[in-house]
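Enquirer: After the sequence you'll find the predicted model.
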Amino acid sequence: MSNDPTRFRSFELADEQLSARQRAFVDRIRSGPRGRVPINLRAWLHNPDFVDVVEPFGLYVSELAPITKRQKEIVVLAGARFWGAAFEWHMHERHALKAGITPEQIQRIKAGVAPGFDDPTEALTWELAAALHGAGSIDADLYRRCMAVFGHAGVSNIIGLAGLYSMIAMTLNFYDVPPPQEPAGTAGSATPAA
């Protein structure tokens, strides 16, 4: 990804360009739990059939599934790292900090090494997310431990979350969406700009 704001490939639809179906979707999302239409849904809005299917799935895995905020950010950052998704990394780095993941742990995730979580569930979440985004295969020991801690339902929630944010990362990478421009040293960056 270039991270060059001049290379952003526009996908935004102006209000006057929205069909009645697209307008109804936008209005429904704005009046729902999110209160806004996230960037990925705005990109996918060009395909109403797709966005109608993916939005409830995304709402479930990102907001309703019984995954802690810290686990969610671990999974999302692992995917953002794997896909080289600068926008996704930037946005979720700040969410991870708010959830209490330390700047050191975030930098370790960025480097692709075990972040050193004290909580065994978080450490296992990292192992699973890293394996899914790395080799893609799960060895017998990791499978056994994930089943003992998460069960089938928990594993599917984590895999679903990883899949959603992989899809978001690929979308944002396709459109070459740069991270928002912020003044150096603002909150939200684990490593303040020099």
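Expert: Perfect, I can see it now.
Enquirer: where does the chain dip in pLDDT?
Expert: 1-8, 182-194 (pLDDT under 70).
Enquirer: show me where the chain has helices.
Expert: 20-30, 39-44, 48-59, 69-83, 86-98, 103-111, 120-133, 140-149, 151-174 (DSSP state H).
Enquirer: could those be laid out in CSV, adding mean neighbour count and distance to Leu13?
Expert: Any C-beta I mention is one placed from the backbone N, CA and C, and that applies to glycine too. What follows is the helices of the chain, written out as CSV (neighbours: other Cβ atoms under 10 Å; distance: least, Cβ to Cβ, whole Å):
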stretch, mean neighbour count, distance to Leu13
helix 20-30, 14, 7
helix 39-44, 20, 7
helix 48-59, 15, 11
helix 69-83, 24, 25
helix 86-98, 20, 19
helix 103-111, 17, 33
helix 120-133, 20, 31
helix 140-149, 13, 40
helix 151-174, 18, 15
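Enquirer: how about those in a markdown table, adding distance to Pro180?
Expert: Putting the helices of the chain into a markdown table (distance: least, Cβ to Cβ, whole Å) gives the following:
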| stretch | distance to Pro180 |
| --- | --- |
| helix 20-30 | 20 |
| helix 39-44 | 10 |
| helix 48-59 | 21 |
| helix 69-83 | 15 |
| helix 86-98 | 7 |
| helix 103-111 | 18 |
| helix 120-133 | 24 |
| helix 140-149 | 35 |
| helix 151-174 | 12 |
